[in-house]
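Colleague: I would like the atomic coordinates for the input below:
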Amino acid sequence: MHLRSKIPATVLTGFLGAGKTSTIRHILQNSAGIRLALIINEFGDLGIDGEIIKGCGIPECQDENVVELANGCICCTVADDFIPAMDGLISRSDPPDHIIIETSGLALPKPLVKAFDWPEVRSKVTVDGVVAVVDGPAVTAGSFTASDKPPEEGLSGNGKLDHENPVEELFEEQLGSADIVLINKTDLMGKHELAKAVQIVESTARPNAKVINTVYGRVDTKMLLGLGATAENDLETRLSHHDGMDHSHTHDEFESFSIRLGVLPSAKTLEQRIRQLVENHDILRIKGFAAIKKKPLRFVIQGVGTNLSFYYDRPRKSGEDCHTELVVIGLHGLDKVAIHTALAG
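Modeller: All right, here's what the predicted structure looks like:
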């Protein structure tokens with residue numbers, strides 16, 4: 001390890017399904033000898049993203065360098081989850097060269113950056129940069145756009161903007177803390193759609209944030225690592241709707257639950273059931289792994305709204321329990337019984 005005073009850490013933020021995990025995979029594949037450790041946080045109680053990373057087959061990605069924090073947003077569980085996880089990495093006899101922290105898609109990045117002021121962390125780690133990944137087609141479609149209501153009608157009693165759409169606030173929070181914004185999935189956009197997305201992002205992002213267009217999070221790793229931002233020292237430039245208040249951010253507008261099933265008869269039937277579900281319910285994200293009859297491979301489900309993908313990622317390990325596990329995230333009030341019943345058939 002090179003001699004240095006502090007280990008750099010990159011905070012990777014972005015809404016559900018924007019492409020954070022794809023970005024991490026790309027970084028791992030192009031790490032240029034940098035020994036990376038990952039802290040992966042998920043809103044649901046299953047570590048799907050961590051398992052996808054571990055199953056990626058990248059030699060530089062060792063299981064012991066992937067720390068999973070499930071069942072809660074890291075911005076709300078700093079003391080209980082993040083600080084111990086970080087301490088475990090930096091206290092190793094041979095600590096990593098760089099740490100990447102993938103936040104939950106529902107997390108606020110600024111409280112996490114503030115946590116780097118904790119004595120256990122500040123002397124050993126610095127925030128090298130905050131990278132926000134956004135779903136380009138979703139931005140263009142207006143998924144994160146403010147309502148048409150006049151601003152004065154949207155102010156709460158404390159003068160803060162009262163968002164009717166909780167997704168809009170998260171979008172603003174994540175871009176407002178970022179040093180770099182990746183507009184992802186640009187292969188799915190036309191020229192005018194991309195221009196619109198860039199305009200929305202640049203008008204929302206932190207001043208001087210660099211905006212980069214990407215596909216599957218592929219960007220020169222040197223542009224993401226080694227920024228030297230020391231973000232914990234310029235918190236005042238990273239705006240938040242929660243500035244000046246105790247951290248009272250909650251996720252009451254969203255809910256998550258997991259579904260466990262056995263071996264399913266066919267991948268095609270599962271795909272059809274999931275597509276029907278996202279059309280009929282307020283599902284923002286669905287992801288997980290399935291065991292398909294007579295298939296020795298693990299079947300991966302990745303869905304953001306109606307944008308769904310299904311693929312086999314690796315052979316099942318010897319002695320591995322064959323079952324199906326899915327995480328469903330959506331707006332509060334999801335009909336869990338109906339969703340479970342539809343998937344189980």
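
Colleague: CA atoms for contacts and neighbours, from now on please.
Modeller: Fine.

Colleague: could you identify the helix or strand that succeeds the helix or strand bottoming out on mean pLDDT in the chain?
Modeller: In the chain, the helix or strand scored least confidently by mean pLDDT, DSSP states H and E is helix 48-54, which has a mean of 59. Following helix 48-54 in sequence order, the next helix or strand is strand 66-69 (DSSP states H and E).

Colleague: contacts for the next helix or strand after that following strand?
Modeller: Next along the chain after strand 66-69, taking DSSP H and E as the criterion, comes helix 83-90. For helix 83-90, contacts defined as Cα atoms under 8 Å, 6 or more residues apart in numbering pick out 37, 39, 67, 95-96, 115, 120-121, 124.

Colleague: by neighbours, which of the residues you listed wins?
Modeller: Ala37 (25 neighbours; other Cα atoms under 10 Å).

Colleague: that one: which element?
Modeller: Counting by DSSP H and E, Ala37 is part of strand 36-41.

Colleague: could the contacts of helix 83-90 go into CSV alongside distance to Glu279 and pLDDT?
Modeller: Formatted as CSV, the contacts of helix 83-90 follow (distance: Cα to Cα, whole Å; pLDDT from 0 to 100):
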residue, distance to Glu279, pLDDT
Ala37, 38, 90
Ile39, 33, 89
Val67, 34, 80
Pro95, 46, 90
Pro96, 44, 92
Ala115, 39, 87
Glu120, 46, 79
Val121, 45, 87
Lys124, 48, 92
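
Colleague: of those, closest to Ala18?
Modeller: Ile39 (17.7 Å; Cα to Cα).

Colleague: what sits against that closest one?
Modeller: 66-69, 85, 99-102.

Colleague: tell me how many other residues crowd Ala32.
Modeller: Neighbour tally, Ala32, other Cα under 10 Å: 10.

Colleague: look up phi and psi at it.
Modeller: phi 50, psi 40 (degrees, to the nearest 10).

Colleague: who does the lengthiest strand in the chain touch, helix- and strand-wise?
Modeller: Secondary structure assigned by DSSP state E gives strand 125-135 as the longest strand of the chain. Packed against strand 125-135, as judged by 3 or more Cα pairs under 8 Å, 6 or more residues apart in numbering; DSSP states H and E, are the following elements: strand 7-13, strand 180-184.

Colleague: among these, which is the most enclosed?
Modeller: Of all the helices and strands packed on strand 125-135, strand 180-184 carries the top mean neighbour count, a mean of 27, counting by mean count of other Cα atoms under 10 Å.

Colleague: measure how it sits relative to strand 125-135, angle-wise.
Modeller: Interaxial angle, strand 180-184 versus strand 125-135 (axes from the mean of the first three to the mean of the last three Cα atoms, to 10 degrees): 30 degrees.

Colleague: strand 180-184: how far from the chain's middle?
Modeller: 13 Å (Cα atoms, centre = their mean, to the nearest Å).

Colleague: that strand pairs with which strands, and in what direction?
Modeller: strand 125-135 (parallel), strand 210-213 (parallel) (DSSP bridges).

Colleague: show residues contacting it.
Modeller: So strand 180-184 is in contact with 18-19, 129-136, 175, 197-198, 205, 209-217, 224, going by Cα under 8 Å, 6+ apart.

Colleague: quick one: Leu36 and Asp94 touch, right?
Modeller: No - counting by Cα atoms under 8 Å, Leu36 does not reach Asp94; the two are 11.7 Å apart.

Colleague: neighbour count winner among those two?
Modeller: Neighbours per residue, other Cα under 10 Å: of Leu36 and Asp94, the larger number sits with Leu36, 20 against 9.

Colleague: can you list the buried residues in stretch 212-223?
Modeller: Using 16 or more other Cα atoms under 10 Å as the test for burial, stretch 212-223 gives 213-219, 221.

Colleague: could those be laid out in JSON lines, adding distance to Ser143?
Modeller: Converted to JSON lines, the buried residues of stretch 212-223 look like this (distance: Cα to Cα, whole Å):
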{"residue": "Asn213", "distance to Ser143": "18"}
{"residue": "Thr214", "distance to Ser143": "19"}
{"residue": "Val215", "distance to Ser143": "19"}
{"residue": "Tyr216", "distance to Ser143": "20"}
{"residue": "Gly217", "distance to Ser143": "20"}
{"residue": "Arg218", "distance to Ser143": "23"}
{"residue": "Val219", "distance to Ser143": "24"}
{"residue": "Thr221", "distance to Ser143": "29"}
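
Colleague: could you list the low-pLDDT ranges of the stretch 201-345 of the chain?
Modeller: By pLDDT under 70, the low-scoring segments of the stretch 201-345 of the chain are 242-252.

Colleague: domain assignment for this protein?
Modeller: Annotated domains of the chain cover 7-237, 254-344 [automatic domain parsing].

Colleague: my guess is Ala229 contacts Val131, does it?
Modeller: No - counting by Cα under 8 Å, Ala229 does not reach Val131; the two are 11.1 Å apart.

Colleague: who touches both of those two?
Modeller: Joint contacts of Ala229 and Val131 (Cα under 8 Å, 6+ apart) are Asp179.

Colleague: picking that back up, Serialize the strands paired with strand 180-184 to a markdown table and add fields for distance to Ala9.
Modeller: Putting those into a markdown table (distance: least, Cα to Cα, whole Å) gives the following:
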| stretch | distance to Ala9 |
| --- | --- |
| strand 125-135 | 5 |
| strand 210-213 | 18 |
